[in-house]
Each structure stands twice: as structure tokens, then as C-alpha cells.
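Peer 1: Quick check, what structure comes out for this input:
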Amino acid sequence: LIINRDTPPFDNADMRRAIALGLDRKAFIDIISEGQGDIGGVMQPLPEGVWGMPQDVLQTLPGYDPDVQKNRSEARQIMQRLGYGPDRRLALKVSTRNVPPFRDPAVILTDQLKEVFIDGELEIVETALWYPKMYRKDYKIGLNLTGGGVDDPDQQFYENYACGAARNYTGYCNPELEKMFDQQSMESDEGKRKRLVWEIERKLAEDGARPIIFYNRFAYCWQSQVKGWTMMVNSIVNNFRMEDVWVDK
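Peer 2: Residues are numbered from 1 along each chain as shown. All right, here's what the predicted structure looks like:
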């Protein structure tokens, strides 16, 4: 979920929190991937992800409590404090790229936003125009896919959340938090590094930096005559160099 935090009313942290609290992540997984997905934060969830938060810790983040109705009740209270409600709803466009992995969950997102007094009209954008539109911040709320080539905090934090990073599409910039990126990167003790990573995760979630909705799962299929290929369990993009692969006929 991408939110233009430079444009009112989304420059208000309470508004961003209300939106995060309105998400029903399990519904996305059940509809999009027939239940074959995972709920996680910035880092890939356990067990495939090494750095993912344990469930009891993850569920303390805004919007991750499995009691969706409780979350939405809190979200509606926040929205009413901000002046919105059943008789004064927030109308806006929900922007996304015109390909199924973006478009399909965006349809669900617009429906879920109605639960917190936001009436979203889906805006489908062709691929050639989508990324320039994001960089211009020509949107209010949108749905984007975040891809990761390797399960490592450095790749995720510096690439997607560091000030000025090329794939930091929302332009999120928190210099104080970026110091923690450096701190966790230099930490040699894995246990201490994990705790730092989880602390960064919490701050990103509380700030509504780029709420992660769900992790999808995909299946591989290959012909029996293809030999020497090792299936990856946590990426679709880091095993395409096939030096050791051959065809036996």
C-alpha cells in the first residue's frame, strides 16, 4: 500500500494509521491466492524468511492484530476524530498498475477502505505511465508490488526506505531511522541484529511508511528432462542463471 504522505489528509499520521488498521490481510490471501500466502511486515515472514518477526511480535503492529473488527473499530474512531464518518466520507482515487498482480488486490483494497469511511474509485494506469506517476507523487493512495531479490535487511531497508533510494517510490525519508539501518547493518551478532531489524519494522509500521499487505506464493513447473536446477524457496528472481542446468534429450 502506497500513501502520498505529502498530500493532505495523508500528511497526518493518524490518518495513515486508520488506513493500516482497516486492512484485512487474510482476506487478500484467501481471495488472491486461495489461502496460499503469508502475512508479514517489511521482512519476509517466517519460516522461509530469516529476519521475519515472530507472530506474537508481528501481531502487535498497527493493523496486524488478527481481530479485524477490533482493528476497524479503532480505525473508525480515528476517522471520526478527524472529521469523517458515515455522513462525511472521504472520496478519492486508488491508483494501480494495469497488470493482474497489482490490479486484482487493488479491487479488494477499494472495498476494504469503505469499512473506514473511504470511498475509493479504482484508477487503472498503463505500465509505461505507472512508475513516472509514482515518482511524481501523482496519487493519493495506490497499490504497488514490492519485489525483493534476496532476504536481507540491507536490501530491503536501503533499497525501499532510505532517503533518495531509486526504489523508494513514495519518497519516504527519515534520517534518524536511517541511522538504525546503518546500525543493524554493522551488527555482527545475529540475535542483536534481528532485534534491531524488528525495531525498525515497528517504526516503519507505526509511521505508515509503506504498509505491506501480504506475501503471495507462486509455483514452479518444469519438464522432467531439465536436470540440475535447484528450486528456490524464497524468491522467484535469484536462480535464473542456469550454469549448472542441462537438458538430457
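Peer 1: May I ask which helix or strand encompasses D244?
Peer 2: Applying DSSP states H and E as the criterion places D244 outside every helix and strand.
Peer 1: Actually, D119.
Peer 2: Going by DSSP H and E, D119 is part of strand 118-125.
Peer 1: Now that strand: buried residues?
Peer 2: Within strand 118-125, the residues that count as buried by 16 or more other CB atoms under 10 Å are I118, G120, E123, V125. Every residue, glycine included, has its C-beta placed from N, CA and C.
Peer 1: how about the nearest residue to E206, chain neighbours excluded?
Peer 2: Of all residues not flanking E206 in the chain, P62 sits nearest, at 6.1 Å (CB to CB, 6 or more residues apart in numbering).
Peer 1: same thing with D207?
Peer 2: A13 (6.7 Å).
Peer 1: From A20, how far out is the one you found?
Peer 2: Noted for A13: a distance of 10 Å to A20, by CB to CB, to the nearest Å.
Peer 1: Between these two, which is the more surrounded one?
Peer 2: More crowded of A13 and A20, by other CB atoms under 10 Å: A20, with 23 against 12.
Peer 1: what about Q223, how many neighbours?
Peer 2: 7.
Peer 1: mind listing what it touches?
Peer 2: Listed by CB atoms under 8 Å, 6 or more residues apart in numbering, the contact set of Q223 is empty.
Peer 1: does it sit in a helix, a strand or a coil?
Peer 2: coil (DSSP: H, G, I helix; E, B strand; the rest coil).
Peer 1: which residues in the chain form helices?
Peer 2: 13-21, 25-33, 55-58, 68-81, 100-113, 127-135, 153-160, 175-186, 190-206 (DSSP state H).
Peer 1: which of these is buried the deepest?
Peer 2: helix 13-21 (a mean of 22; mean count of other CB atoms under 10 Å).
Peer 1: For it, name the packing helices and strands.
Peer 2: helix 68-81 (3 or more CB pairs under 8 Å, 6 or more residues apart in numbering; DSSP states H and E).
Peer 1: Burial check on the closest residue to E159 other than its chain neighbours, number of neighbours?
Peer 2: Closest residue to E159 apart from its sequence neighbours, by CB to CB, 6+ apart: R167 at 5.0 Å. A count of neighbours around R167, defined by other CB under 10 Å, yields 13.
Peer 1: My read is that R167 contacts Y161, right?
Peer 2: No. Here R167 lies out of contact with Y161, judged by CB atoms under 8 Å, at a distance of 9.5 Å.
Peer 1: Sketch out the low-pLDDT regions of the protein for me.
Peer 2: Within the chain, the set of residues satisfying pLDDT under 70 comprises 234-239.
Peer 1: Go ahead and flag the most central residue of it.
Peer 2: With distances taken as CA atoms, centre = their mean, the residue of the chain nearest its centroid is I212 (2.1 Å).
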